[in-house]
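In: what shape does this take:
(chains A and B)
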Amino acid sequence: MTAALELRGVSVRRGERTILSDISLDIAPGEMLGVVGPNGAGKTTLLRAAIGLQPLSAGEVRLNGRTLASLGGSERAAIAGYLPQERRVAWNMPARDIAALGAASLAPREGLAIAEACLAELEVGWLAGRGVLDMSGGERARVLLARLLATRARLLVADEPAAGLDPEAQLLILERLRRRAADGVAVIVTSHDLTVAARACDRLAVLHEGRLVALATPLEALSPRVLAEVFALDGALIDTPAGLTLAARRVGRGESG
Amino acid sequence: MRLMLLLILALGGALALSIALGETGLTPAQYLDAFSKPGSPAAEILFGIRAPRACCAAMAGAALGLAGAVMQGLLRNPLAEPGVLGVSAWSGSAAALAIVLGLGAAPGALEAAALGGALAAGAVVALLAARFREPETLILFGVALAALGGAMTALIFNLSPSPITLAEVLAWLQGSVANRDWSDLAWAAAPMALGAALCAYAGAGLRMLVLGDETAALSGLPMARLRVAAVAGAALLTGASVAMAGVIGFVGLAAPHLVRGAVSDDPARTLAPSAIAGAILLTLADLLARVIPSETELRLGVVTALFGAPLFALVAWRAARSWRA
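Out: Numbers count the residues shown, from 1 in each chain, chains lettered A, B, ... in the order given. Next up is the predicted model:
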């Protein structure tokens, strides 16, 4: 089966600094991949490179088997949808209209119907008529995610979709993305919350200083050694009745072996 | 749709009022004459002098309102207006240069200079808009272009030998639609129509920009092309309005804010109502300029700012609540 997203030897340099170094990974349709790592590890750059927003200094990205360069703008938009970490919205448009921007290629009526369905899916259907600048940050985050879902793309790329939200909202958002994966969509998300990422994702890609140090199931990827070396944490992922949970204490940089 | 109907009715009312009222008072009998006897003095006043003047004001206002809405959408900034990218400054300084060079008397030369200046600035901005996505960058370049345009005008003042020419330049820079006839309207129609078409084309892009440059870039819309269309459209509209009526501030800033709330803040749906709102504003401003008793007729640019600014402050006060989020 053709990978939904394929990165081969992707490197990104900015001046002297190496942001990403020789990253290779695949995501299959129906798979949910989490990208984790400390601040500045290169998570956002990896997502931006995957979607063609970040010029590569080496390597190649393929969407659905086709190189990014060979895809036209509208072809790429049909294959992949992207949710940036930045949640700034310029004007106080109603949630319904914002979500419908995801389905802008459809007739307005059809786009609005999809937008409202996606808002309802994220349990903010009742906010459809409210201006996005009159909402709480958490509500706005859900509206913007609804815009991503409304693209109905086969590859969803979401940068910190759950950051800054309350625990219930975080679980809800990851669950809904998980549901899309179950429908055969490939999903790639970044998350600072290792518990949330471990519970929702099939595999985790662990980035450290621009290098891919682990790419495996959550339990394998977040081994005690990786937790210590990459995150400066002494602990482990534990399988609890509620799902995988991180139990760890801070060891501080430089003390880890 | 209802908003547009309302605005068009209001514009019709403003135009009728602007044609009916003026410095020369007419008796009911003379009004009757104007409609029944073509060629009568009353008909000449109403349809030969006032009507083209009112229509010029409406068209210049529509162009500025639309250009302002496009600029605010493109730059995602409620303070943006047609002048923000330096287009009106260059247009005004090119017109000033034409006046000083004695081209003011040649038919069409002044207008061509104003339009040319606007298009030159527009071309520079369009190149920049294709290259740089961030609105902040465009605004910074625009500030530089506007400052350069202002400096050129100041230089023209500085070097011009004749105070009479200077008075003419100053009058131009304050804006007016006095003594305009139907031919002024006719030649401005083409660049304005082209500008409006470009703006309408850019509308979908402006709406997508609400989510930021990157999301817009990935939306599948040809954003670079839409950005250039928006800048070129706004430059054409601004240039044509400066050519027709001189430099008029404020309408382009205020008109979009008057209608934005009624179209749920959607930058694409703001365009057409902003044009009509701009037309109403400038028609009424010109009416005020004519009927306010004063030694010399008030300049249009002076009236728009004088009466518009307090009104606009009120609108901003109300709107500020939604921006505070």
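In: quick one, what contacts residue 91?
Out: If you meant another chain, say so; for now it's chain A. Counting by Cβ atoms under 8 Å, 6 or more residues apart in numbering or on different chains, A:Trp91 touches A:133, B:76, B:210, B:260, B:265-267. To be clear about C-beta, it is placed using only N, CA and C from the backbone, and glycine gets the same treatment.
In: let me rephrase: I mean chain B.
Out: B:114-115, B:117-118, B:121, B:149, B:238-239, B:242-243, B:247.
In: can you tell me how far whatever residue of the stretch 101-250 of chain B ends up closest to chain A is from B:Thr283?
Out: Chain A sits closest to B:Gly220 of the stretch 101-250 of chain B, with a gap of 2.9 Å, by Cβ to the nearest Cβ. Distance of B:Gly220 to B:Thr283, computed by Cβ to Cβ, to the nearest Å: 40 Å.
In: the two: which has the busier surroundings?
Out: Per other Cβ atoms under 10 Å in any protein chain shown, whichever of B:Gly220 and B:Thr283 has more neighbours is B:Thr283, with 30 against 18.
In: the nearest residue to the more buried one once chain neighbours are set aside: what secondary structure?
Out: Closest residue in space to B:Thr283, ignoring its immediate chain neighbours: B:Ala14 at 4.4 Å, by Cβ to Cβ, 6 or more residues apart in numbering or on different chains. What DSSP: H, G, I helix; E, B strand; the rest coil gives for B:Ala14 is helix.
In: swap in A:Glu60?
Out: Going by three-state DSSP: A:Glu60 is strand.
In: who does it bridge with?
Out: A:Arg8 (DSSP bridges).
In: quick one: residues contacting B:Leu66.
Out: Per Cβ under 8 Å, 6+ apart, neighbours of B:Leu66: B:195-196, B:199, B:234, B:237, B:271-272, B:274-275, B:278.
In: where does it land in three-state SS?
Out: Put simply, B:Leu66 is helix when judged by three-state DSSP.
In: which residue comes closest to it once chain neighbours are left out?
Out: B:Ala275 (4.0 Å).
In: helix or strand: which one has the one you found?
Out: helix B:267-291 (DSSP states H and E).
In: other SSEs contacting that helix?
Out: Contacts defined by 3 or more Cβ pairs under 8 Å, 6 or more residues apart in numbering or on different chains; DSSP states H and E place helix B:267-291 against helix B:2-20, helix B:51-75, helix B:182-208, helix B:251-260, helix B:300-323.
In: could you dump those helices to TSV with distance to A:Gly52?
Out: Shown next, in TSV, are the helices and strands packed on helix B:267-291 (distance: least, Cβ to Cβ, whole Å):
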stretch	distance to A:Gly52
helix B:2-20	39
helix B:51-75	23
helix B:182-208	17
helix B:251-260	33
helix B:300-323	33
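In: about what we covered before: so for the helix holding B:Ala275, mean pLDDT?
Out: If you average the pLDDT over helix B:267-291, you get 93.
In: tell me the buried residues in that helix?
Out: B:267-290 (16 or more other Cβ atoms under 10 Å in any protein chain shown).
In: for the stretch 51-200 of chain A, what lies in contact range of chain B?
Out: Within the stretch 51-200 of chain A, the residues that sit near chain B (Cβ under 8 Å from any Cβ of the partner chain) are A:51-53, A:73-74, A:76-78, A:80-84, A:86, A:88-94, A:97-98, A:101, A:104-105, A:131, A:133-135, A:144, A:147.
In: and the strands in chain A?
Out: A:5-14, A:17-27, A:32-36, A:58-63, A:66-67, A:80-83, A:155-158, A:186-190, A:203-208, A:211-216, A:233-240, A:243-250 (DSSP state E).
In: find the centremost residue of chain B, please.
Out: Residue closest to the mean C-alpha point of chain B, counted by Cα atoms, centre = their mean, is B:Leu64 at 2.4 Å.
In: just checking, that one touches B:Val247?
Out: No: assessed by Cβ atoms under 8 Å, B:Leu64 is found out of contact with B:Val247, at 10.3 Å.
In: hmm, back to that, so what's the closest residue to the residue of the stretch 101-250 of chain B closest to chain A other than its chain neighbours up against?
Out: With Cβ to Cβ, 6+ apart as the criterion, B:Gly220 has its nearest non-adjacent residue at 2.9 Å, and that residue is A:Ala77. With contact set as Cβ under 8 Å, 6+ apart, A:Ala77 has these partners: A:105, A:151, A:153, B:218-220.
In: let's go with 7 Å and repeat that
Out: Applying Cβ atoms under 7 Å, 6 or more residues apart in numbering or on different chains, we find A:Ala77 in contact with B:218-220.
In: dump these to TSV, plus pLDDT and secondary structure.
Out: Below are those laid out as TSV (pLDDT from 0 to 100; DSSP: H, G, I helix; E, B strand; the rest coil):
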residue	pLDDT	secondary structure
B:Leu218	89	coil
B:Ser219	88	coil
B:Gly220	85	coil
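In: tabulate the residues you listed (CSV), appending distance to A:Asp166.
Out: Formatted as CSV, those follow (distance: Cβ to Cβ, whole Å):
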residue, distance to A:Asp166
B:Leu218, 29
B:Ser219, 30
B:Gly220, 33
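In: which of these lies at the shortest distance from B:Ala54?
Out: B:Ser219 (41.7 Å; Cβ to Cβ).
In: what distance do you get for that closest one to A:Val61?
Out: Taking Cβ to Cβ, one finds B:Ser219 at 19 Å from A:Val61.
In: quick one: low-confidence parts of the chain?
Out: No chain specified, so I'll use chain A. Residues of chain A meeting the criterion pLDDT under 70: A:254-257.
In: sorry, should have said chain B
Out: Short version for chain B, where the test is pLDDT under 70: B:319, B:321-325.
In: can you pull the contacts of the residue nearest to B:Thr283?
Out: Per Cβ under 7 Å, 6+ apart, neighbours of B:Ala14: B:280, B:283-284.
In: would you format the strands of chain A as CSV with mean neighbour count included?
Out: Shown next, in CSV, are the strands of chain A (neighbours: other Cβ atoms under 10 Å in any protein chain shown):
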stretch, mean neighbour count
strand A:5-14, 18
strand A:17-27, 18
strand A:32-36, 26
strand A:58-63, 18
strand A:66-67, 14
strand A:80-83, 25
strand A:155-158, 25
strand A:186-190, 26
strand A:203-208, 23
strand A:211-216, 18
strand A:233-240, 16
strand A:243-250, 14
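In: nearest to B:Pro310, of those?
Out: For these, proximity to B:Pro310 was assessed by Cβ to Cβ; strand A:80-83 is nearest, at 42.7 Å.
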